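Participant: Need coordinates for the below:
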Amino acid sequence: MYAAYEPPAPDWLRVNFVASADGAATLEGRSGPLSGEEDKRVFKILRARCDVLLAGAGTVRTEGYGPLVLSPERTAWRRSQGLPDVPVMAIVSRTASLDPAAGIFTEAPRRPILIVPADLAESRIEPFREVADVIAVGTGAVDLSLALAALRERGLRQVLCEGGPHVFGDLIAADLVDELDLTVSPLLAGAGSIRIAEGSASPEGRPLQLRHVLEAGGNLILRYLRGSDDE
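Facilitator: I've put the predicted structure just below:
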């Protein structure tokens, strides 16, 4: 299964989401209830393959992220590939509205990264400096292009983004997405739920190439790469 998600280039940004059959990104306000065993298998493989796991602060809070750890099997696979035992956790936040005493910071096996706007008040950032590295880029909001460049300057070239929808929307608008890994769950969420991409509007559609379709337990597991069949 690892081979099915081999990145095509050394610098690569993939986004992983689960959605209901009627297009919802959440059920009861969270993505977790949409995800089953089949989706979680892909989720774990993609985490094992990345250098850095990127997520928005809202997703970290809502989904209850803890310290980024992997199973012994995933850790062993990473060692066999010459990778550190775990990826780095990087959190995007416009306001640094997180708890610096939370386990995602204090119990992390590798020092996490907090990504904030450059004009955010130092009083908001200072509490995190003991528990995380800080990347400050952009005015009023995080400049994701500059943030991605800063991660790659640190050698964190394979990026996995787990959302949320506003971060994904901003990545699409900035034309930074190389791959979308999407599990379509056999559930109907009904009206009121958000899409997997929200926030910033994209000036145009981004063509994708379907690399594979897998079916497991009624889930459709899709892998799309940027580009089109005409290229």
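Participant: By residue count, what's the longest helix in this structure?
Facilitator: Longest helix in the chain, counting residues (DSSP state H): helix 37-49.
Participant: Can you pull out the residues in contact with that helix?
Facilitator: The contact list for helix 37-49 (CB atoms under 8 Å, 6 or more residues apart in numbering) reads 1-2, 5, 7, 14, 16, 18, 35, 53, 68, 70-71, 74, 77-78, 87, 158, 160, 181, 183, 185, 216-217, 219, 221. Any C-beta I mention is one placed from the backbone N, CA and C, and that applies to glycine too.
Participant: Can you flag the buried ones in the residues you listed?
Facilitator: Neighbour-count burial (16 or more other CB atoms under 10 Å) is assigned, among the contacts of helix 37-49, to 5, 7, 14, 16, 18, 35, 53, 68, 70, 74, 77-78, 87, 158, 160, 181, 183, 185, 219, 221.
Participant: Select from those every entry located in helices.
Facilitator: Residues from the buried ones among the contacts of helix 37-49 lying in helices, with DSSP H as the criterion: 74, 77, 78.
Participant: Now do the contacts for the last one.
Facilitator: Shown in contact with residue 78 (CB under 8 Å, 6+ apart): 48, 70, 84, 85, 86.
Participant: got the ones in helices among the buried ones among the contacts of helix 37-49 as a markdown table, with pLDDT and distance to residue 123 columns?
Facilitator: Shown next, in a markdown table, are those (pLDDT from 0 to 100; distance: CB to CB, whole Å):
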| residue | pLDDT | distance to residue 123 |
| --- | --- | --- |
| 74 | 97 | 38 |
| 77 | 97 | 42 |
| 78 | 98 | 38 |
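Participant: All the strands of this protein, in order from the start?
Facilitator: For the chain, the strands defined by DSSP state E occupy 12-20, 52-56, 88-92, 113-116, 133-136, 158-161, 179-185, 208-216, 219-226.
Participant: Adding mean pLDDT, write those out as a markdown table.
Facilitator: Output for the strands of the chain, formatted as a markdown table (pLDDT from 0 to 100):
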| stretch | mean pLDDT |
| --- | --- |
| strand 12-20 | 97 |
| strand 52-56 | 98 |
| strand 88-92 | 98 |
| strand 113-116 | 98 |
| strand 133-136 | 98 |
| strand 158-161 | 98 |
| strand 179-185 | 97 |
| strand 208-216 | 96 |
| strand 219-226 | 96 |
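Participant: Quick one: closest of the ones you listed to residue 106.
Facilitator: Of all the strands of the chain, it is strand 88-92 that lies closest to residue 106, at 12.1 Å by CB to CB.
Participant: Also compute the angle for that closest one relative to strand 52-56, please.
Facilitator: 20 degrees (axes from the mean of the first three to the mean of the last three CA atoms, to 10 degrees).
Participant: Could you tell me which strands sit next to strand 88-92 in the sheet, and their orientation?
Facilitator: If you go by DSSP bridges, strand 88-92 pairs up with strand 52-56 (parallel), strand 113-116 (parallel).
Participant: Switch those strands over to TSV; also include distance to residue 196.
Facilitator: Converted to TSV, the strands paired with strand 88-92 look like this (distance: least, CB to CB, whole Å):
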stretch	distance to residue 196
strand 52-56	13
strand 113-116	21
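Participant: right, and the ones you listed - which one's nearest residue 199?
Facilitator: Closest of the strands paired with strand 88-92 to residue 199 is strand 52-56, at 9.8 Å (criterion: CB to CB).
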